[in-house]
Every structure is written in C-alpha cells, then in structure tokens.
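A.B. asks: 3D, please:
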Amino acid sequence: MSQSLDRALVVLDELADGQRTLDQLAERLDVHKSTVLRLLRTLESHRFVQRVGVRYYRLGTSLFELAFRALDERDVRRSVEPALRALNAETGHTVHLASYEDGEVIYVDKYESRHNVRMYSRIGRRAPLHCTAVAKVLVAALPEDQRAEVAASIRYEKMARNTITTPRAYLAELDRVAARGYAIDDEEHEEHIHCVAAPVRGARGEVLAAVSLSVPQVVLDLDGLLELVPALLAAASAASAECGYQETKRRD
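C.D. replies: Next up is the predicted model:
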C-alpha cells in the first residue's frame, strides 16, 4: 500500500470518531501539517472529508453514499434466505421473493409448499403489476407520481374473478397497501389462489424486494391466510435487518 493511501485511510478512520483539527491529525500521523493538509484537500475535493468552520474536519458525504451503495449491491437473495426459509418452515406454504426491475416485477426466489397442491410460479417469471400481492407492495413503495405512471401504463387484463381492472381502483389499492404495510391478492391473479406480501427494506428504508405467502383456498381460506400476516411481517422484518434496515428509521 502506498504511503499516501495509508495515511489517507488513517485520517478517515480518525475522523470516524469525530471532528479533528489539522494539528490533531498531524499528531496522529506523526507528520508535518503540510503533508496532512495536502491529504485533506484531496479528500475534500472528492467529498470524503468536509471542512467545518476554520479549524475542524469531519467525514464527508461521499463516504455515506459509498456505504449505502455497498449495502444496496449486496445479494438480497442470499441476505434474506434464512428469514424466508424460516417462514416457509413455520407455515408450510409457498414463499416468494420478488423485485422491481425496469418497470417489471420478477420472481427472484421461491420456497415450495410442503402441501400436495403446488404453485405454478417460477424464478424469473414476471408478476403482473395489477393483480399480484408482491407487485402491489413494490409499486406502492414508489413516489405517487411514479405510481400514477405505472397505473396508466398497465393493460388491465382480467385474470381471475377479483382482478382490478381500472387505474383508479389500482391506485386506491396501492394507497391501502402503503397504509397497512402489506398487500393482499384475493383471487386476483389466479382462481382459487390467494396471497399476502410485505416489503423487504434496505438501509435507507427503501423497498428492495417483496416477500409473500401464497396458498390455495383448498388448503387455507382467506381468514386463515390473514392470521399468518404477523408471521409474514416478522419474516420481512428479519430479512430487512439482514439488508441493513433498522426499524427506528422508518417514518411511514
């Protein structure tokens, strides 16, 4: 490692404990103040260090941005796997993980039910935006103007007896999802299948994915499925924690 890089890293580590003066940093590195000043000016130009008043320096915004980007780039599937496997084992029902990518909702993981009646979903398959619980969760997390754009772009194909068929009804449903913190698909995507889904959040509270429980009605009726919502929310909370989310940060 180059000497300059090593010193810059020591400076950042020192500033992680709080603001420091040029004199304090020079003493910590055991070098002349001019050497530290050159390092600080370089770090400041890239926003890794920020000057506070005349004397003090502190960590800059670039470090926080890098930290958030690093958390975002973590493999969500791998991070949430223990929580989803536990939910699958606890309930015995099909568990899905889905993400929102370029205007589409994609199933990115699946844990099969232990019952004889199985779901036909598969990893990599698209989930219709207007009638699946995972899609409702992911679209409800978007800003209102983006929600409206999505609602206007959908072809409201009627896929089951309770499928939402108008933008107005869809936007009203997204409001309900955002307010209660989970979504319901009550025979909207497939006949005789219902589902509940909840968000998996990242370090900034952003929704990274949606986790769901899907059950055929012959196995469990809607009231029975809704009784599993606390287990679903607990699993989503555990998964979110693995992705860097802290409950105290949530404001909605």
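A.B. asks: excluding its backbone neighbours, what's nearest Y156?
C.D. replies: Leaving aside its sequence neighbours, Y156 sits nearest to T165 (C-beta to C-beta, 6 or more residues apart in numbering; 4.5 Å). Placement of C-beta: from N, CA and C, glycine included.
A.B. asks: I should have written H32 there, sorry.
C.D. replies: Closest to H32 by C-beta to C-beta, 6+ apart is A26, at 6.7 Å.
A.B. asks: Now for the one you found: which residues touch it?
C.D. replies: By C-beta atoms under 8 Å, 6 or more residues apart in numbering, the residues touching A26 are 32-33, 35-36.
A.B. asks: distance between whichever strand or helix holds it and the chain's centre?
C.D. replies: Taking DSSP states H and E as the definition, A26 sits inside helix 22-29. How far helix 22-29 lies from its chain's middle: 40 Å, per C-alpha atoms, centre = their mean, to the nearest Å.
A.B. asks: Please apply the same query to stretch 204-224.
C.D. replies: On the basis of C-alpha atoms, centre = their mean, stretch 204-224 sits 16 Å off its chain's mean C-alpha point.
A.B. asks: what mean pLDDT would you report for it?
C.D. replies: Across stretch 204-224, pLDDT averages out at 93.
A.B. asks: Could you tell me how many residues sit around T94?
C.D. replies: For T94, the count of nearby residues is 24 (other C-beta atoms under 10 Å).
A.B. asks: Kindly provide the distance from it to I123.
C.D. replies: Distance of T94 to I123, computed by C-beta to C-beta, to the nearest Å: 12 Å.
A.B. asks: okay, and the common contacts of these two?
C.D. replies: Counting by C-beta under 8 Å, 6+ apart, the common neighbours of T94 and I123 are K110.
A.B. asks: the bottom helix or strand of this protein by mean pLDDT?
C.D. replies: helix 61-72 (a mean of 72; mean pLDDT, DSSP states H and E).
A.B. asks: who touches the helix or strand following that one?
C.D. replies: Using DSSP H and E, the helix or strand that directly follows helix 61-72 along the chain is helix 76-91. The contact list for helix 76-91 (C-beta under 8 Å, 6+ apart) reads 94-95, 97, 99, 108-109, 111-112, 200, 208-209, 211, 213, 228, 231-232, 235-236, 238-239, 242-243.
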